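Q: build me a model:
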Amino acid sequence: MSGLQYMKGVRTRFYNKLLKEIQNVKEILNTDLSDLFDVDEYKQLRQRVLEAKLSINLYNDKLMMQSEKLSQAIDDSDIIEEASTLYHKLQIFEDTLQESKETEHNKIEKKERALSLAVVTEEMKTMFEAQMELQRVLVESKRVKKDTVKLPKIDIPSFNGNKLYWIEFWDSFENSVHKNDSLSDVDTFNYLKSKLTGDSRNAIIGLTLSNTNYSVAIEILHKRFGNRQETIDSHYKALMDMNPARNSLENLRQFIDKVEKHLRCLEVLSQDTNQDIFVSMIRRKLPNDGLLQIEIMKGAGKSGQ
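A: I've put the predicted structure just below:
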């Protein structure tokens, strides 16, 4: 048997293994979580999810390495991309599975999940990122780019993962880029990645640029940073943690600008900001001279009416 035939045989074996794991993942993703009440069934499903993540990642990596050796004769980019997409969907399914369990059993299994994931998470993350980078180089070396759309020059602020700024970022991106019918999903995804930094970029770092992965990326970002109640809590905490204003015009102006920004965001989130507690909290952070000036201004306003 020639070396080429042997490599093809090895690639075929990895290919069939990966097909089997993809079918297993699809069966897991079709599980109806609403019927999952038994603790043993939940643990069995959690174990299947962990094993499936390891297996699909392992065989995807092996197939990709073998396919690279045969890249001139064999193209496995389609199944590799499908495996990558399913891996991320499996992560989302795992989060949904955990949330349903926490609701039903009052978060009893949360510590078990953290313990089991801690053993493999770091190694999987490193291995998967290396695999995705290798896959990106392999696919891009074969793919001929046609009809590339030049992205419009739009002034949209970047998003670094701070939940306080998610609504502002997404509203700007949605109206300027996401709803732009002249852009394909892959071009929109490329623009999105160029505006992400820090934690937000790390959240989708393993996703390759493709039409299919754009919707997966949006779902991951909304789930990670777009929780409405967490955003509300963050604004309240930011107001309470603000440093007291100093007795200078510039510092007072900066203080007021920050307060008004948080209050406007809370109003957008349907929060009642016309409460005495806000007035009392803000007054405590103002210097006495500043409060005196406010009272003088109020008195001047009344006398002029």
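Q: from now on I want contacts and neighbour counts done on CA atoms only, so please keep to that.
A: Will do.
Q: L252 and Y15, how far apart?
A: Counting by C-alpha to C-alpha, to the nearest Å, the gap between L252 and Y15 amounts to 65 Å.
Q: I meant to write V39 there.
A: 35 Å.
Q: the residue found closest to D185 once you drop the neighbours it is linked to in the chain: neighbour count?
A: Using C-alpha to C-alpha, 6 or more residues apart in numbering and skipping residues adjacent in sequence, the residue nearest D185 is N211, 4.8 Å away. N211: 14 surrounding residues under other C-alpha atoms under 10 Å.
Q: compare neighbour counts for V39 and Y15 and give me the winner.
A: Counting neighbours by other C-alpha under 10 Å for V39 and for Y15 shows that Y15 has the greater number, 22 against 12.
Q: what residue, apart from its backbone neighbours, is nearest the more buried one spatially?
A: Closest to Y15 by C-alpha to C-alpha, 6+ apart is L63, at 6.3 Å.
Q: the host helix or strand of that neighbour packs against which elements?
A: Using DSSP states H and E, L63 sits within helix 39-69. Secondary-structure packing of helix 39-69 (3 or more C-alpha pairs under 8 Å, 6 or more residues apart in numbering; DSSP states H and E): helix 3-29, helix 77-105, helix 110-142.
Q: contacts only, for P287.
A: P244, A245, R246, N247 (C-alpha atoms under 8 Å, 6 or more residues apart in numbering).
Q: then Y214?
A: Y214 touches D185, V186, T188, F189, counting by C-alpha under 8 Å, 6+ apart.
Q: show me the shaky parts of the stretch 101-250 of the chain.
A: 101-128, 130-131, 134-154 (pLDDT under 70).
Q: repeat the analysis, applying 50 as the threshold.
A: 120, 141, 144-149 (pLDDT under 50).
Q: which residues in it form helices?
A: 110-142, 166-173, 185-194, 198-203, 211-225, 228-241, 249-268 (DSSP state H, counting those that start in this stretch).
Q: ok, residues contacting the second one?
A: Meaning helix 166-173. Contacts for helix 166-173 (C-alpha under 8 Å, 6+ apart): I156, P157, S158, F159, L192, F225, G226.
Q: just the buried residues of those residues.
A: Neighbour-count burial (16 or more other C-alpha atoms under 10 Å) is assigned, among the contacts of helix 166-173, to S158, F159, L192, F225, G226.
Q: contacting residues for G198?
A: N160, G161.
Q: so how far is F169 from K195?
A: Counting by C-alpha to C-alpha, the gap from K195 to F169 is 9 Å.
Q: now for those two: what residues contact both?
A: Common neighbours of K195 and F169 (C-alpha under 8 Å, 6+ apart) are I156, P157, S158, F159.
Q: now the residues you listed in TSV, with distance to H235?
A: As requested, those are arranged in TSV below (distance: C-alpha to C-alpha, whole Å):
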residue	distance to H235
I156	22
P157	19
S158	19
F159	17
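Q: out of these, which comes closest to L86?
A: F159 (26.0 Å; C-alpha to C-alpha).
Q: ok, now which ones touch that closest one?
A: Y165, W166, F169, K195, L196, T197, S200.
Q: so how do I select the buried members of those in PyMOL?
A: Applying 16+ other C-alpha under 10 Å to these leaves a buried subset, and the PyMOL line that selects it is:
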select buried, resi 165+166+169+195+196+200
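Q: state the distance from R11 to L196.
A: 36 Å.
Q: if you could redo that for S100, that was the one I meant.
A: Counting by C-alpha to C-alpha, the gap from S100 to L196 is 30 Å.
Q: ditto for L221
A: 10 Å.
Q: returning to that earlier point: just to check, the residue nearest to D185 is in contact with N190?
A: No: counting by C-alpha atoms under 8 Å, N211 does not reach N190; the two are 10.1 Å apart.
Q: which residues touch I220?
A: If you count contacts by C-alpha under 8 Å, 6+ apart, then I220 has I92, A203, I204 around it.
Q: now, of these, which are buried?
A: I92, A203, I204.
Q: leaving out chain neighbours, which residue sits closest to the first one?
A: Take I92 and drop its neighbours on the chain: the residue closest to it by C-alpha to C-alpha, 6+ apart is I220, 7.5 Å away.
Q: re the thing from before, for the contacts of Y214, which one is nearest S234?
A: Using C-alpha to C-alpha, the contacts of Y214 come closest to S234 at F189, 27.7 Å.
Q: got the domain boundaries for the protein?
A: Residue ranges for the domains of the chain, per automatic domain parsing: 3-142, 163-225, 230-304.
Q: what's the neighbour count on the closest residue to M7 other than its chain neighbours?
A: Leaving aside its sequence neighbours, M7 sits nearest to Q66 (C-alpha to C-alpha, 6+ apart; 7.2 Å). Neighbours of Q66 under the rule other C-alpha under 10 Å: 20.
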